[in-house]
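Asks: here is a sequence together with a model predicted from it:
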2 protein chains.
Amino acid sequence: MAPFRRLAELTRQECLELLGSVSYGRVVFTSHALPAIRPVNHLLLGEKIIIRTTVGAAVASAVDGSGTVVAYEADLIDAEQRLGWSVVVIGRANRVLSAAQIARYREVLIPWTDADTDEVITIAADVVTGYRMISATAGEPGTSFPEVPAI
Amino acid sequence: MAPFRRLAELTRQECLELLGSVSYGRVVFTSHALPAIRPVNHLLLGEKIIIRTTVGAAVASAVDGSGTVVAYEADLIDAEQRLGWSVVVIGRANRVLSAAQIARYREVLIPWTDADTDEVITIAADVVTGYRMISATAGEPGTSFPEVPAI
């Protein structure tokens, strides 16, 4: 069994770089007053996460166009070694309405599934937190997971 | 680039088996009225997900002992091949209060990190949904992601 790990907090810049290095994550929103989560592939453009709601209407209907706040998580974790990282973005989600912008995003972000629904949603990286699991014996004493920040 | 995939819905039994086959997932809850998500390692005992809140106080404080509803997601996705599965549980989370039960769970569920906080939380598998990404060319036409069910 792998040894205990320590959580080392990542900077905003490190988080965004890691987020851009993977092709999918999980969008977290509220649906029917309950917490909901859906895996989806993404593209990071500047400090905006772009997703296409080919995963169904649930995400799109949760985003009413007025900047509903959602969370977006991506991670790369080696369960065997207990090493890896996790990044969480909390930010305003907006449905893209401009036909030109929709066309542009559709060109660069190809959905993985053949589902019909196809809205483009942007998530602003308003609050970005993340950590990396590192050796517990190196460096400072272990810290607990950073608290969820308010925005 | 891998071809388009179709989402095939999994049965409750398949979902629970897949959930039990992996060692970690992501707990989704509300913190300060915002969606929050934290990776955490788990154990599936019967139809209950057991987690230890070594990931910080945020999850524990969201669970007030009265069965707050949370979501729990686990997946195993091959981004290259665009194959894999995702399972989402929605259920009542409860802090374990019995010292004997806490001791029992602590023996079988070892946290990955050395953080101090250590509450044991159970999540009931009230609603279980999941899908598998399969070849889009086989079988029926593609379906969009199943809607989020109400409980």
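Replies: Done, it's in.
Asks: and the helices in chain A?
Replies: A:12-21, A:57-62, A:99-108 (DSSP state H).
Asks: in chain A, which spans are strands?
Replies: Ranges of strands within chain A are A:5-9, A:24-31, A:34-45, A:48-52, A:68-78, A:83-95, A:120-124, A:127-135, based on DSSP state E.
Asks: switch these over to CSV; also include distance to chain B.
Replies: All C-beta spots, glycine's among them, are computed from the backbone N, C-alpha and C. Below are the strands of chain A laid out as CSV (distance: least, CB to the nearest CB, whole Å):
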stretch, distance to chain B
strand A:5-9, 5
strand A:24-31, 4
strand A:34-45, 4
strand A:48-52, 12
strand A:68-78, 4
strand A:83-95, 5
strand A:120-124, 11
strand A:127-135, 7
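Asks: export the ones you listed to CSV and tack on mean pLDDT and mean neighbour count?
Replies: Shown next, in CSV, are the strands of chain A (pLDDT from 0 to 100; neighbours: other CB atoms under 10 Å in any protein chain shown):
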stretch, mean pLDDT, mean neighbour count
strand A:5-9, 89, 20
strand A:24-31, 92, 23
strand A:34-45, 92, 21
strand A:48-52, 94, 23
strand A:68-78, 94, 20
strand A:83-95, 94, 22
strand A:120-124, 93, 21
strand A:127-135, 93, 20
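Asks: got these as CSV, with distance to B:Ile134 columns?
Replies: Formatted as CSV, the strands of chain A follow (distance: least, CB to CB, whole Å):
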stretch, distance to B:Ile134
strand A:5-9, 34
strand A:24-31, 17
strand A:34-45, 15
strand A:48-52, 20
strand A:68-78, 23
strand A:83-95, 27
strand A:120-124, 25
strand A:127-135, 32
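Asks: looking at those, which is closest to B:Thr129?
Replies: Nearest to B:Thr129 among the strands of chain A is strand A:34-45 (10.2 Å), distances taken as CB to CB.
Asks: for the closest one, name the packing helices and strands.
Replies: Strand A:34-45 is packed against helix A:12-21, strand A:24-31, strand A:48-52, helix A:57-62, strand B:24-31, strand B:68-78, strand B:83-95, with contacts defined by 3 or more CB pairs under 8 Å, 6 or more residues apart in numbering or on different chains; DSSP states H and E.
Asks: so that strand versus helix A:12-21, what angle?
Replies: Strand A:34-45 runs at 90 degrees relative to helix A:12-21, counting by axes from the mean of the first three to the mean of the last three CA atoms, to 10 degrees.
Asks: may I have the strands that pair with strand A:34-45, each with its orientation?
Replies: strand A:24-31 (antiparallel), strand A:48-52 (antiparallel) (DSSP bridges).
Asks: make TSV out of those strands and add distance to A:Pro39.
Replies: Shown next, in TSV, are the strands paired with strand A:34-45 (distance: least, CB to CB, whole Å):
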stretch	distance to A:Pro39
strand A:24-31	5
strand A:48-52	10
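Asks: and of those strands, who's closest to A:Glu80?
Replies: strand A:24-31 (21.0 Å).
Asks: related to what we said a few turns ago, same list (the helices of chain A) but as CSV, adding distance to B:Val89 and mean pLDDT.
Replies: CSV is the format used below for the helices of chain A (distance: least, CB to CB, whole Å; pLDDT from 0 to 100):
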stretch, distance to B:Val89, mean pLDDT
helix A:12-21, 25, 98
helix A:57-62, 16, 64
helix A:99-108, 32, 91
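Asks: go through the ones you listed and pick out the most buried.
Replies: Of the helices of chain A, the one with the most neighbours on average (mean count of other CB atoms under 10 Å in any protein chain shown) is helix A:57-62, at a mean of 20.
Asks: that older thread, the helices of chain A: which one's closest to B:Gln101?
Replies: Here helix A:57-62 is closest among the helices of chain A (CB to CB), at 34.9 Å.
Asks: sorry, back to before: out of the strands of chain A, which comes closest to B:Gln13?
Replies: For B:Gln13, the closest of the strands of chain A is strand A:34-45, at 20.9 Å, according to CB to CB.
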